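Engineer: A structural model of the following input is requested.
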Amino acid sequence: MKAIFVATNFSETSDNAVLYSASLAQLFQAKLVLFNSFKLPVHAANTWLTVEAMEKLIEKNRAKLKEQAEDLSKAFKIQVEYDCQYIDWEREVDTLMNNHGARLLVMGMSAKSMEQNLLGNPTTTLISMKKFPVLAVPIGAKFKGIDKILFACDLMQAIPLRTLARLKEIAEQLKSQVTMFYVEKKVNELQAENPIFEHIEKGLENVVHVYKKVNSDTVIKEIEKEILESDSDLLVMIPKKYGFWESIVHKSKTRVMASGLNIPLLSIPVD
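Structural biologist: Predicted coordinates for the structure are as follows:
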């Protein structure tokens, strides 16, 4: 992994995500890139500011990033870069990540709330829109290694080899066991000779993995239950995209899970 890109606004949630990212960068021997999208305070936005005044405000944030980057570099013995710009970063994140050679975006995840469930938040928005992996780190998640990965997926649908390759790369570097977890409404066991298994076996070759299937019509609750029972360290899901009107009726399970977990959620998109 070349670089890990982590967004921060200096909040407690962001700071926790930064520390989690630093641990991952250390483990993956990757560069860590801290990014802050500068936004004007409300009182400043309602006044006329000179270019010089604007630059001073941005420099203040850059100074915070610089100090944080130096502290992380010393503490974790990793290369840390930082960047602060006055842009709509959600629109420009693809370009930013390409410029820094990053393959993973990390963001802090706030606790679940009614507002998030209805409207989403920057992290869940990026999960549903982007073509790169997004790691959502909740405030309570502390890095203690990742021994167990829970991959919540639909085994009745094809999982792209490229998605499995990304999962394999992560699992191998973390030395993790992967559980392929599947929730189905109907009681119809997949046959052992099903080509889906051959496909997965090929994609996760040399990775310790098991399969677990639960019959239920409450997918989210079953995933939450399995996280607790299996003591998983990381949840992996593939985001399903909907059009605007479809999204009003169908909530993305990945998005819902991302707004209320106690372990990080890695979203690996289908390219």
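Engineer: now do the SS call for Val214.
Structural biologist: Secondary structure, DSSP: H, G, I helix; E, B strand; the rest coil: Val214 is strand.
Engineer: pretty sure it sits against Glu226.
Structural biologist: Yes: Val214 is within contact range of Glu226, at 7.4 Å (criterion: C-beta atoms under 8 Å). To be clear about C-beta, it is placed using only N, CA and C from the backbone, and glycine gets the same treatment.
Engineer: just checking, what packs against the helix ranked longest in the chain?
Structural biologist: Counting residues, the longest helix in the chain under DSSP state H turns out to be helix 51-76. The helices and strands touching helix 51-76, judged by 3 or more C-beta pairs under 8 Å, 6 or more residues apart in numbering; DSSP states H and E, are helix 12-28, strand 31-37, strand 80-85.
Engineer: buried residues, it. List them.
Structural biologist: Of the residues in helix 51-76, 57, 61-62, 64-65, 68-69, 72, 76 count as buried by neighbour count, 16 or more other C-beta atoms under 10 Å.
Engineer: any idea how far it is from the chain center?
Structural biologist: Here helix 51-76 is found 24 Å from its chain centre; the criterion is C-alpha atoms, centre = their mean, to the nearest Å.
Engineer: orientation of that helix relative to strand 31-37 in degrees?
Structural biologist: Here helix 51-76 runs at an angle of 150 degrees relative to strand 31-37 (axes from the mean of the first three to the mean of the last three C-alpha atoms, to 10 degrees).
Engineer: now helix 51-76: mean pLDDT?
Structural biologist: Here helix 51-76 scores 88 as its mean pLDDT.
Engineer: do stretch 180-191 as well
Structural biologist: On average, stretch 180-191 scores 65.
Engineer: where are the low-confidence patches of the stretch 51-200 of the chain?
Structural biologist: Residues of the stretch 51-200 of the chain meeting the criterion pLDDT under 70: 51, 111-130, 156, 185-194.
Engineer: report the contact partners of Val236.
Structural biologist: By C-beta atoms under 8 Å, 6 or more residues apart in numbering, the residues touching Val236 are 149-152, 167, 265-268.
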